[in-house]
Each structure stands twice: as C-alpha cells, then as structure tokens.
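Participant: the sequence isn't on hand, but the structure is:
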Ligand code: ADP
C-alpha cells in the first residue's frame with residue numbers, strides 16, 4: 001500500500017489511549033480481496049482486552065461528559081477535518097482491504113466524515129424540556145443525558161462510515177465507546193482511531209478492539225458497564241446480540257439486513273429509473289444493505305426497462321478497485337460468491353433467464369460478472385434472501401396493488417425505492433410501503449441529515465439526522481416540589 005502518511009496503517013489495537021497487541025501475541029491476517037495478498041495483521045483479542053477497553057471507557061466517561069457540548073464539538077470537528085485531510089490515504093486503505101473502487105472509497109470517507117461534522121453540531125442542540133405540572137406546587141423538567149459507555153460492532157461493507165455514524169453521535173452526546181470493527185476491514189477502523197488520537201479525543205473515550213467476534217461480542221454484551229450496543233450487520237447476528245444484551249437490559253440499536261424492492265411503474269421516467277437502479281444495485285458490487293434486491297417492473301415497460309438496464313450494465317468495468325476506470329470490485333470473499341451462484345442456480349432451475357452476466361468473472365478470485373436475470377418469481381430464493389452481489393433479479397407485475405403486496409412480502413423493512421410520476425400514486429405507494437426509508441424517483445438515499453434505519457426484522461433505531469443522537473441519550477425527569 002502506497003500511503004502518503006504511512007502512520008495511518010496500524011497493526012495494533014487502540015485501547016485506553018495505548019497502541020497494543022493481543023495478550024496472547026496472536027494476530028490475524030487481513031487480505032486484499034482483489035489480489036488475495038496479505039495486507040498486514042491485526043491483534044486477535046478476546047474478552048480480557050475488551051474488558052480493559054470497557055474499563056478505560058468507563059474511566060474516561062466522567063471527564064468527557066462533563067465537557068460542554070461545544071468543547072466536545074471542537075475535538076470532533078478536528079477529527080472531521082483530519083478525515084478529509086487524509087481522504088486519499090484512507091480511501092486507498094479502504095479499497096485495499098474492502099475491494100470497492102477508489103472513487104467509492106473517497107466518497108465513503110467524505111460520507112463518514114459528514115457524520116462527525118453533523119453530530120458535533122447536533123450535540124449542541126440536545127434540548128431538554130419543561131412540562132406544565134400536574135399540581136400547583138410542582139415543577140417538571142426533562143433532562144437528556146448521555147447513556148454512558150457504549151459499544152459498536154460494525155460490518156465490512158462500509159468500513160469507515162458505519163463507525164462514524166455510531167461514534168459521531170455517541171461522542172457528541174458525551175458517551176464513550178468501544179468499537180469492534182469487522183475482521184475483514186480493521187485497518188480503516190484503526191486509521192480512524194489514529195486520527196481521533198491526533199484530534200485530541202482523550203484516552204479511553206474511543207477504543208478499537210480487533211479479533212474474535214464471539215469473544216469480543218460476548219464481553220461487550222455481558223459487561224454491565226456497557227449501557228448500549230449499536231450493531232450493523234446481519235439479522236442473524238443481530239438477534240443473537242439482542243438476546244445477549246437482555247440479561248443486563250442494555251439499550252440496542254440494530255441496523256440489520258434488507259430486501260429492498262425497487263419498483264418501476266408504467267408512468268416512470270425510464271431513463272431515470274435505469275440510472276437509479278444502477279446506483280442502487282451495483283454500488284459496492286451490490287454489497288450494501290440498501291441495495292435493490294428485487295426489481296419489480298410493470299408489464300407495459302418491462303421489456304424497455306430490461307433492455308436499457310442491460311445496455312448500462314454492459315458499460316461496467318470489473319477489476320481491482322485501485323485501477324483507473326474500474327466500477328465494480330470483487331466480492332468480499334469466496335463465501336459471498338458461492339451464495340450468489342447458489343441463488344442464481346435456484347432461479348434458473350425454476351425457469352428464470354439470465355439476460356447478461358451470470359458467471360464468475362474471468363479475473364478469477366471473488367470477482368463476479370454484473371448480472372441481470374429476468375423471469376424471477378416469488379417462489380425463488382431471490383424473493384426472500386439478501387443477494388449482496390452484483391445481480392439484478394427482475395420480477396414482472398401488472399397492478400399497483402400487486403406491486404405493493406410483492407414489495408411488502410418480506411420479513412425485512414429497511415429501504416424501498418419506486419419510480420412513478422402520478423402524484424396520487426406517489427402518495428399511495430409511499431404510505432403503503434412497510435419500510436423505514438423510501439426512495440422516490442431516486443436510487444440514492446443515504447445522507448447524514450436524514451434518519452437511516454429499518455422496520456420489522458431490519459432493525460431498531462435510526463442513524464443520522466436529529467433523531468440519530470436520541471439513540472445515545474437517556475431521559476431523566478425531575479419532579480420538584482416548591
Ligand atoms: P456480514 O454477514 O455482513 O459479515 P455479520 O453480522 O456476520 O455480517 O458481521 C457483522 C459484524 O458482526 C462483524 O463485525 C462481525 O465480526 C460481527 N460478529 C459476527 N458474529 C458475531 C458474534 N457472535 N458476536 C459479536 N459480533 C459478531
């Protein structure tokens with residue numbers, strides 16, 4: 001890796017303001033999914049190191065929460081500025097460990113930084129309340145207080161942004177945090193910790209622990225000092241973590257799996273719908289929890305939409321994300337490719353037709369061809385499972401009611417998209433979709449200023465926006481006799 005500032009590449013964990021190895025001395029190799037090369041190693045930590053990080057976060061809490069919001073904001077602002085100042089290095093690091101094209105990594109660093117900036121400002125606006133009392137000799141005041149020591153467990157698909165949208169509001173609110181990044185992408189997390197240290201975030205306020213997911217997760221969820229867990233990842237692991245948090249009654253925020261419908265109605269602007277589908281489906285090689293997972297197209301425009309989409313997909317360039325012009329990197333690992341192949345085999349065995357792509361890419365490794373498959377039906381696994389790969393399954397529907405029923409026929413409820421121009425339909429469909437996020441005539445919905453999160457099995461809580469900081473606050477009500 002060619003970094004302007006090589007000190008951003010750290011192979012140790014950051015606990016209580018110290019850079020440390022695992023007690024056991026054992027480390028884990030991190031590989032570049034585009035080349036299979038080992039990039040470096042990170043400590044394989046477990047419960048003991050995690051406990052020390054939690055204790056450091058607890059020790060740092062009183063002084064950090066006692067600062068004014070403006071004082072905390074000044075340090076967070078500095079952290080934000082450092083992310084942007086090192087955007088290029090952080091992007092190279094991210095592409096090397098995650099695989100996404102460099103342009104997307106640059107975009108993610110800007111997006112990641114935006115959460116720190118937003119919440120630094122929002123921290124100043126944590127207003128309490130006064131409530132007209134129920135008795136003449138009483139006064140009621142509501143205070144909003146930081147929850148305390150928080151934990152974050154984050155995934156590999158957005159190695160920086162999934163951290164800052166938890167750490168940003170937590171730190172701005174006056175909480176301290178222990179972060180366990182995904183094992184596949186720890187270097188982005190450790191680089192963020194380097195910059196947090198440089199920004200003057202005090203020791204213990206933010207720690208990053210890498211290693212065994214179950215051991216670290218076990219401690220983060222069992223330790224009574226931790227008052228809140230924020231998790232982004234699969235529904236399966238999310239449920240397990242909620243269960244583990246139950247014994248100590250922790251608050252949890254869960255950003256889990258999705259099964260996003262992307263509906264194209266007869267009255268849609270088809271070119272815009274194709275652009276939206278490209279952005280929503282093929283970004284990050286299809287590995288986002290808000291990627292279009294089921295593309296539902298109305299009869300009258302089905303063939304035209306499929307043809308236009310295929311023409312656009314043909315312009316995608318698969319390769320190493322560090323190379324110029326590459327739009328689609330590798331999938332994160334072999335398991336991800338095998339899953340995509342299984343889903344495709346299931347669909348074609350039941351009569352679906354591959355319009356373009358459909359195979360492992362000639363580059364080998366975990367590269368997969370951008371794919372479109374038509375004739376997909378609710379009986380196929382594509383209807384129920386998150387694909388997490390560059391495959392667009394096209395379903396056909398006849399009526400608005402049928403589209404809504406198909407869209408909602410899933411346990412998930414994170415993001416949904418639709419393209420239509422009729423104003424009545426836009427309202428009807430927006431209200432009928434059981435999703436936390438609805439993109440209308442757009443395929444891009446992520447921004448730090450809006451509340452991101454899901455309904456049903458897609459999770460609880462919201463990240464970003466004025467609502468995002470609430471997840472890190474407790475309400476305390478003072479009842480005063482006068
Ligand atoms: P994905 O399928 O996207 O990798 P996971 O839910 O498996 O999603 O992983 C998301 C995060 O959860 C990662 O940081 C991973 O290491 C962590 N994780 C996986 N299993 C556990 C577990 N048993 N306890 C705590 N964290 C876990």
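Facilitator: Yep, that arrived. All figures in this text were calculated on a predicted structure; none of them were measured in a lab.
Participant: tell me who's in contact with the single nearest residue of the stretch 101-250 of the chain relative to the ligand.
Facilitator: When scored by C-beta to the nearest ligand atom, the stretch 101-250 of the chain has residue 217 as its residue closest to the ligand, at 2.2 Å. (Each C-beta comes from the backbone N, C-alpha and C, glycine too.) The contact partners of residue 217, taken as C-beta atoms under 8 Å, 6 or more residues apart in numbering, are 153, 180, 241, 244.
Participant: what distance separates the helix or strand hosting it from the centre of its chain?
Facilitator: Using DSSP states H and E, the element containing residue 217 is helix 213-222. From the chain centre to the centre of helix 213-222 is a distance of 20 Å (C-alpha atoms, centre = their mean, to the nearest Å).
Participant: got the residues of the protein near the ligand?
Facilitator: Those residues of the chain that sit near the ligand, judged by C-beta under 6 Å from any ligand atom, are 153-155, 180, 182-183, 213-214, 217, 233-234, 237, 240-241.
Participant: strands of the stretch 351-482 of the chain, residue ranges please.
Facilitator: 353-356, 371-374, 391-397, 412-413, 415-419, 437-440, 455-456, 459-460, 473-481 (DSSP state E, counting those that start in this stretch).
Participant: now find how far off-centre the third one is within its chain.
Facilitator: This means strand 391-397. Centroid separation between strand 391-397 and its chain, computed with C-alpha atoms, centre = their mean, is 24 Å.
Participant: now that strand: average pLDDT?
Facilitator: Strand 391-397 shows a mean pLDDT of 98.
Participant: so what strands line up beside that strand?
Facilitator: In the sheet, strand 391-397 lines up against strand 292-298 (parallel), strand 371-374 (parallel) (DSSP bridges).
Participant: of these, flag the one that's most buried.
Facilitator: Highest mean neighbour count among the strands paired with strand 391-397 (mean count of other C-beta atoms under 10 Å): strand 292-298, with a mean of 26.
Participant: for it, which outside residues touch it?
Facilitator: 258-266, 277, 280-281, 305-306, 376, 382-383, 386-387, 392-398, 403, 406-407, 417, 443.
Participant: are any of those residues buried, and which?
Facilitator: Buried members of the contacts of strand 292-298, scored by 16 or more other C-beta atoms under 10 Å, are 258-266, 277, 280-281, 305-306, 376, 382-383, 386-387, 392-397, 403, 406-407, 417, 443.
Participant: what's the closest of the strands paired with strand 391-397 to residue 206?
Facilitator: Among these, strand 292-298 comes nearest to residue 206, with 33.6 Å by C-beta to C-beta.
Participant: show me what contacts the spatially most central residue of the chain?
Facilitator: Nearest to the geometric centre of the chain sits residue 162, at 4.6 Å (C-alpha atoms, centre = their mean). Counting by C-beta under 8 Å, 6+ apart, residue 162 touches 154-155, 232, 255.
Participant: neighbours of the closest residue to residue 271 other than its chain neighbours, how many?
Facilitator: The spatial neighbour of residue 271 that comes closest, neighbours along the chain excluded (C-beta to C-beta, 6 or more residues apart in numbering), is residue 308 at 6.9 Å. Residue 308 has 17 neighbouring residues, counting by other C-beta atoms under 10 Å.
Participant: residue 308 contacts residue 276, doesn't it?
Facilitator: No. Under the criterion of C-beta atoms under 8 Å, residue 308 makes no contact with residue 276, lying 11.8 Å away.
Participant: tell me who's in contact with residue 278.
Facilitator: Listed by C-beta under 8 Å, 6+ apart, the contact set of residue 278 reads 309, 312-313, 443.
Participant: to clarify, my last question referred to residue 193.
Facilitator: Contacts of residue 193 (C-beta under 8 Å, 6+ apart): 10, 14, 206-208.
Participant: try it again at 7 Å.
Facilitator: Residues in contact with residue 193 (C-beta atoms under 7 Å, 6 or more residues apart in numbering) are 14, 206, 208.
Participant: cool, and residue 429?
Facilitator: Residue 429 neighbours (C-beta under 7 Å, 6+ apart): 400, 404, 418, 420.
Participant: with residue 220 instead?
Facilitator: With contact set as C-beta under 7 Å, 6+ apart, residue 220 has these partners: 50, 151, 153, 178, 180, 226, 229.
Participant: run the last query once more with 10 Å
Facilitator: 47, 50-51, 53-54, 149-153, 178-180, 209, 226, 229, 231, 241, 244-245, 250 (C-beta atoms under 10 Å, 6 or more residues apart in numbering).
Participant: which helix or strand contains whichever residue of the stretch 1-150 of the chain sits closest to the ligand?
Facilitator: Proximity of the stretch 1-150 of the chain to the ligand (C-beta to the nearest ligand atom) peaks at residue 50, 10.6 Å away. Element membership for residue 50 (DSSP H and E) is helix 47-66.
Participant: no further questions, thank you.
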